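>>> can't give you the sequence, but here's the structure:
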């Protein structure tokens with residue numbers, strides 16, 4: 001058993017609700033994820049790629065839900081430790097894992113938005129470069145009227 005450090009649990013009891021607040025302020029990111037997952041459950045064809053996307057989105061939805069519920073449990077453990085003035089190493093680890101899990105969930109949505117915007121821009125630039133290269137290889141378009 002570790003020496004009881006009230007400041008650790010007080011900090012965790014403060015940080016976890018801040019993570020929940022940040023998750024709330026992110027808007028509809030995870031709500032959209034769950035909505036897409038539910039709609040794809042009824043619309044997924046039997047082809048391989050749509051099935052993989054469906055299973056991946058289901059996995060992400062389950063992980064997010066578990067992280068949120070575990071965050072609530074971690075908040076409870078942190079508050080209980082502050083109240084009672086004692087905690088086991090398992091409680092300490094659970095509070096830490098709950099905080100890290102919530103941090104990951106909170107950071108995932110902005111990271112996903114950034115990466116899709118970044119790689120979407122790269123892909124658009126790449127497609128435009130290929131289109132220009134093809135036009136250059138084909139030569140200037142000639143006017144059918146000859147002018």
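On my side now, so go ahead. Predicted model, so just to flag it, every value in this text is computed and none were measured.
>>> so where's the longest helix in the chain?
helix 89-138 (DSSP state H).
>>> from the contact counts, what lies against it?
helix 6-25, helix 29-43, helix 48-84 (3 or more C-beta pairs under 8 Å, 6 or more residues apart in numbering; DSSP states H and E). The way it works is simple: take the backbone N, C-alpha and C, and place the C-beta from them, glycine included.
>>> just give the number of residues close to residue 90.
10 (other C-beta atoms under 10 Å).
>>> what's the per-residue pLDDT of it here?
Looking at residue 90, its pLDDT stands at 92.
>>> what sits against residue 109?
26, 29, 30 (C-beta atoms under 8 Å, 6 or more residues apart in numbering).
>>> residue closest to the middle of the chain?
Nearest to the mean C-alpha position of the chain, by C-alpha atoms, centre = their mean, lies residue 108 at 3.0 Å.
>>> how about the residue nearest to that residue when sequence neighbours are not counted, what does it touch?
Excluding its sequence neighbours, the residue lying closest to residue 108 (C-beta to C-beta, 6 or more residues apart in numbering) is residue 64, at 7.9 Å. Residues in contact with residue 64 (C-beta under 8 Å, 6+ apart) are 30, 33, 105, 108.
>>> distance of the first one from residue 112?
Just to be clear, that refers to residue 30. 11 Å (C-beta to C-beta, to the nearest Å).
>>> which one of these two has more residues nearby?
Higher neighbour count among residue 30 and residue 112: residue 30, with 19 against 13, using other C-beta under 10 Å.
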